[in-house]
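>>> sequence first, then the predicted structure:
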There are 2 protein chains.
Amino acid sequence: MELLVSKGSEDSLTAEFDAPYLIYLGDVKESSQAKTALGLRDWARDRCLAQYRRLPETLSIGLPDMTFEAAVAAGCRSLVIGLAPIGGQIPKAWQGDIVAALKAGLDIVSGMHTRLKDIAEIANLAKMKCRRLIDVRQPQRAYPVGTGRKRTGRRLLTVGTDCALGKKYTALSITRELQQRGLKATFRATGQTGIMLAGTGIPIDSIVSDFIAGASEVLSPDNEIDHWDVIEGQGSLFHPAYAAVSLGLLHGSQPDAIVMCHDPSRRHIQGYPDFPLPDLKDAIALTLSMGRLTNPTIRCIGVSLNTSHIDAEKRSQLISETADYLGLPCVDPIAMGVTPIVDSMGLP
Amino acid sequence: MELLVSKGSEDSLTAEFDAPYLIYLGDVKESSQAKTALGLRDWARDRCLAQYRRLPETLSIGLPDMTFEAAVAAGCRSLVIGLAPIGGQIPKAWQGDIVAALKAGLDIVSGMHTRLKDIAEIANLAKMKCRRLIDVRQPQRAYPVGTGRKRTGRRLLTVGTDCALGKKYTALSITRELQQRGLKATFRATGQTGIMLAGTGIPIDSIVSDFIAGASEVLSPDNEIDHWDVIEGQGSLFHPAYAAVSLGLLHGSQPDAIVMCHDPSRRHIQGYPDFPLPDLKDAIALTLSMGRLTNPTIRCIGVSLNTSHIDAEKRSQLISETADYLGLPCVDPIAMGVTPIVDSMGLP
């Protein structure tokens, strides 16, 4: 996905850090908490040399295991913290590893809310060792209040029934397919992993809430009328903690098209057992209803199912049932690509 | 409203600044941009000694005009910037006045997004003169991610069809009437003026968006089952810039009751002529629909109309027509109090 990488501008957050990477997996056991690690492996495999797991039972993403010293000897330049725990804090246990990695000679790249430079031991050691601390999730500039002004060009936003179920993968897949067809398209990153992949973007969940719609407007500026901005969605309107993030991004993005992302194996919002997932029809209807405020012609052009937890033989049945139920193209972007959705994005 | 003033705790933002105040009105001509000044005049009149207007055509809020020097001679301790321009920035023109006020011997209290201490000339002068700079809108602590856990006690949230049309006045009026009836009630401030009045609160539009629902949960913690938290609403679900703020506050507040606030003289969102105000029935239905995520028993118990721009003879007709149309108690809290709404808040 080298087409995605931008050199940034004064308007962008530029994530400048050196490859190859050692991917840090800490003590995480669930793949849902390793979104960044998995995203880098799947979309920037050539930049990922190895993985570091602090416990034998830590999740593996299939890269070679290396110690910090071995990774440096093999040419690694940066330790990328490939994890996204709820709340984005850096646990104490990981801080010791970060110190050891700095001592071994690695720069540290983090996408969490806690800033590396706010942890005194890490900040002091990095200074002493002339190592760089890169906090991808820190907004790099101030953003204006939203204007609601309609912008030129076309926009697609991936939305979802929950967090961490495929909004970024779907947006990346659609961008790649549009580009492969020779159409003008730009992936717009809104989260730590997307920003690491694209080299630019806005960490939308880190924006002060008065400015979230405004920042979302800045993310996809006026463009050519046949250009698609494919915007990485965040959170869910049905999430008791993050719905505000989703709504600000929806309003500022002014999408012409949404793709609803869903994991059919989930019964409730991840980590919130009292909050059942919505029916897909209701989820689409509510998102369109809210989105009409800033784009009255918003429509849903497809559904993206994450069927990674579903048996292969049940997958195609589920996908065709969902397409029939909703009357919309339905895909699993990993298993089968996004062709039926991109087919409907042709310009008139 | 001395009952509202709290001494704060480690969980609160405590706005400690000295009365009496000189209220700064700058060059503002519209009362909608002087919410803080008007709020202090109406709800903390005993703490407001005078006003400062930088131009003859500046709005007056009916206090005596004084220069900085005259105000200090009359006993003023703090210059309170009583203005809320879109975006909350401090214009260059005002910065010169702030410098002059510091030189005259006043502390400065601001509720804007721009921090006084981030403006070098002001920060340096305050340090040299040993004057205090108080930024009410800066969160004083970190907040957790929302949990969605139902809390004990009862909650009312004022919501609105737009900004700056009576959500704070309505919440203050309801709190006062509940307290006058001997019921347990606490006003929960979420904006600069409310925080200045209450002495505590959370500047909800200044919270990073990932944490806005969590901060809103912290604002009204578990309480006695017959206690009402009366929460000051922010923004509007129909506002192209601020709907995310309103949604995060709605989800975290988990209100049992909402009161919809509206200015019947407005045709569109203030400052956004392309965004018409919603019909009141639609506004109530959408707010209840979104609010049910965290409190399935949410209901609307009344409507608060700001009729300050309506002829007195038309007011009572409009209020009774609105009540009939919606089948709900309807009041103007300034003109007639909130008795019909509070009557419906009795505990079973």
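Happy to help now that I have it.
>>> from the chain's centroid, how far away is stretch A:290-310?
16 Å (C-alpha atoms, centre = their mean, to the nearest Å).
>>> what residues of it count as buried?
A:290-291, A:293-295, A:298, A:300-307, A:310 (16 or more other C-beta atoms under 10 Å in any protein chain shown). The C-beta positions use only the backbone N, C-alpha and C, and glycine is treated the same way.
>>> start to end distance for that stretch?
31 Å (C-alpha to C-alpha, to the nearest Å).
>>> quick check: residues of chain A near chain B?
Applying C-beta under 8 Å from any C-beta of the partner chain, we find that chain A lies next to chain B at A:86-88, A:113, A:144-148, A:204-210, A:212-214, A:238, A:240-245, A:247-248, A:251, A:272, A:274-275, A:286, A:289-290, A:293-294.
>>> in strands only, show me these.
Among the residues of chain A next to chain B, the residues falling in strands (DSSP state E) are A:272, A:274-275.
>>> which parts of the stretch 201-348 of chain A are helices?
For the stretch 201-348 of chain A, the helices defined by DSSP state H, counting those that start in this stretch occupy A:212-219, A:243-253, A:280-291, A:312-326, A:333-336, A:339-343.
>>> quick one: low-confidence parts of the stretch 51-200 of chain A?
A:86-88 (pLDDT under 70).
>>> what about the helices in it?
A:68-73, A:92-104, A:120-129, A:167-180, A:192-198.
>>> give the other helices and strands that the fourth one contacts.
Read it as helix A:167-180. If you count contacts as 3 or more C-beta pairs under 8 Å, 6 or more residues apart in numbering or on different chains; DSSP states H and E, helix A:167-180 packs onto helix A:35-43, strand A:154-160, strand A:184-188, helix A:192-198, strand A:227-231, strand A:257-262, helix A:333-336, helix A:339-343.
>>> now do the third one
Contacts defined by 3+ C-beta pairs under 8 Å, 6+ apart place helix A:120-129 against helix A:92-104, strand A:133-135.
>>> touching, residue A:331 and residue A:306? I think so.
No. Using C-beta atoms under 8 Å, residue A:331 is not in contact with residue A:306, being 10.6 Å away.
>>> can you name the residues bridging to the residue nearest to residue A:284 when sequence neighbours are not counted?
By the measure of C-beta to C-beta, 6 or more residues apart in numbering or on different chains, the closest residue to residue A:284 outside its immediate chain neighbours is residue A:300, 4.8 Å from it. For residue A:300, the beta-bridge partners are residue A:258 (DSSP bridges).
>>> now stretch A:67-84: buried residues?
A:68, A:71-72, A:76-84.
>>> start to end distance for it?
22 Å.
>>> doesn't residue A:27 make contact with residue A:93?
Yes. Assessed by C-beta under 8 Å, residue A:93 is found in contact with residue A:27 at 6.5 Å.
>>> please say which of these two ends up with more neighbours.
The neighbour comparison of residue A:93 against residue A:27 (other C-beta atoms under 10 Å in any protein chain shown) goes to residue A:27, with 15 against 11.
>>> go ahead and confirm that one touches residue A:56.
No. Using C-beta under 8 Å, residue A:27 is not in contact with residue A:56; the gap is 10.4 Å.
>>> show me the contacts for the residue in chain A sticking out farthest from the centre.
Distance to the chain centre peaks in chain A at residue A:128, reaching 33.0 Å (criterion: C-alpha atoms, centre = their mean). With contact set as C-beta atoms under 8 Å, 6 or more residues apart in numbering or on different chains, residue A:128 has no partners.
>>> re earlier: tell me the pLDDT at the residue nearest to residue A:284?
Note on residue A:300: pLDDT of 98.
>>> look up how far residue A:69 lies from it.
51 Å (C-beta to C-beta, to the nearest Å).
>>> equivalent analysis for residue A:167, please.
Taking C-beta to C-beta, one finds residue A:167 at 37 Å from residue A:69.
>>> which outside residues touch stretch A:325-339?
Stretch A:325-339 has contacts (C-beta under 8 Å, 6+ apart) with A:166, A:169-170, A:173-174, A:177, A:280-281, A:284, A:300-308, A:315, A:319-320, A:322-323, A:340-341, A:343-344.
>>> buried residues in that stretch?
A:326, A:328-334, A:338.
>>> looking at those, which two lie furthest apart in space?
A:326 and A:334 (20.0 Å; C-beta to C-beta).
>>> before we move on, back to that, which stretch among the helices and strands packed on helix A:120-129 is buried most, on average?
The highest average neighbour count among those, using mean count of other C-beta atoms under 10 Å in any protein chain shown, belongs to strand A:133-135 at a mean of 20.
>>> direction included, what does it pair up with?
Partners of strand A:133-135 in its sheet, by DSSP bridges: strand A:107-110 (parallel).
>>> what's residue A:138 in contact with, if anything?
A:115, A:203, A:206.
>>> I figured the last one hits residue B:208, correct?
Right, the one you point to is residue A:206. Yes. Counting by C-beta under 8 Å, residue A:206 sits close enough to residue B:208 to count as a contact (5.7 Å).
>>> between the two, tell me which one has more neighbours.
The residue with more neighbours, out of residue A:206 and residue B:208, is residue A:206; 25 against 21, by other C-beta under 10 Å.
>>> backbone phi and psi for the closest residue to that one other than its chain neighbours, please?
Once flanking residues are discounted, residue A:206 sits nearest to residue A:137: 5.1 Å by C-beta to C-beta, 6+ apart. Main-chain torsions, residue A:137, degrees, to the nearest 10: phi -90, psi 0.
>>> what's the burial count for residue A:159?
31.
>>> next one: the one 4 residues further on
Residues contacting residue A:163 under the criterion other C-beta under 10 Å number 23.
>>> from chain B, how far out is it?
11 Å (C-beta to the nearest C-beta, to the nearest Å).
>>> that residue: what's it in contact with?
Counting by C-beta under 8 Å, 6+ apart, residue A:163 has contacts A:234-236, A:239, A:242, A:269-270.
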